[in-house]
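*Asks:* Give me the fold of what follows.
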Amino acid sequence: MNSAKYLMDSGPLIAALNRRDLHHEWAVGMMAKLEEAPITCEAVITEVCWHLRRSTAAVARVLTMPMQGDLILNAIIGTDGPLIAARITKYGESMDLADACLVRMAEIYPRAKIITIDREHFTVYRRNRNHALALICP
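*Replies:* Down below sits the predicted model:
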């Protein structure tokens, strides 16, 4: 499984599920082109649900995506909590839990590209202390 191709951040999921989002067309088109389901984590799903909380249909859709094979869910906090906490400590307020989980997953899946709209933060974050993250951004 270390050969995963994609890790999914919350921004593209929010955009794909919200037609009014500035990045909606990009997110839908990008997701249609993926060769395999991206991996994400529960922190990302939680962020998506919070941002889309006014649309129960969108929340229901994101919650069913792993079961339908559209996302692979990695419950990483239970196994790598201390390593995730270390990243949050290192980057301070600029890094939230979902970002920290994605950086840790980028260490586990070093060939994977992170699909994100948040270029500002993810170009600063590093995996394994000094390796830039591979990104897919609009």
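
*Asks:* From here on, just use CA atoms for contacts and neighbour counts.
*Replies:* Will do.

*Asks:* so what's residue 111 up against?
*Replies:* By C-alpha atoms under 8 Å, 6 or more residues apart in numbering, residue 111 lies in contact with 2, 3, 4, 5, 134.

*Asks:* can you tell me which residues contact the third one?
*Replies:* In other words, residue 4. Contacts of residue 4 by C-alpha under 8 Å, 6+ apart are 38, 39, 109, 111, 112.

*Asks:* Select from those residues every entry located in strands.
*Replies:* Those of the contacts of residue 4 mapping onto strands are residue 39, per DSSP state E.

*Asks:* where are the low-confidence patches of this structure?
*Replies:* Applying pLDDT under 70 to the chain flags the ranges 1.

*Asks:* can you rerun that using 90?
*Replies:* For the chain, the stretches with pLDDT under 90 are 1-3, 129.

*Asks:* how about the strands in it?
*Replies:* Going by DSSP E, the chain shows strands at 6-8, 39-41, 72-74, 113-115, 126-127, 131-132, 135-136.

*Asks:* got CSV for those, with distance to residue 85 and mean neighbour count too?
*Replies:* Shown next, in CSV, are the strands of the chain (distance: least, C-alpha to C-alpha, whole Å; neighbours: other C-alpha atoms under 10 Å):
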stretch, distance to residue 85, mean neighbour count
strand 6-8, 19, 25
strand 39-41, 15, 24
strand 72-74, 17, 18
strand 113-115, 20, 23
strand 126-127, 14, 18
strand 131-132, 19, 12
strand 135-136, 22, 16
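
*Asks:* Pipe these into a markdown table and attach distance to residue 16 per row.
*Replies:* Below are these laid out as a markdown table (distance: least, C-alpha to C-alpha, whole Å):
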| stretch | distance to residue 16 |
| --- | --- |
| strand 6-8 | 12 |
| strand 39-41 | 15 |
| strand 72-74 | 17 |
| strand 113-115 | 12 |
| strand 126-127 | 26 |
| strand 131-132 | 26 |
| strand 135-136 | 15 |
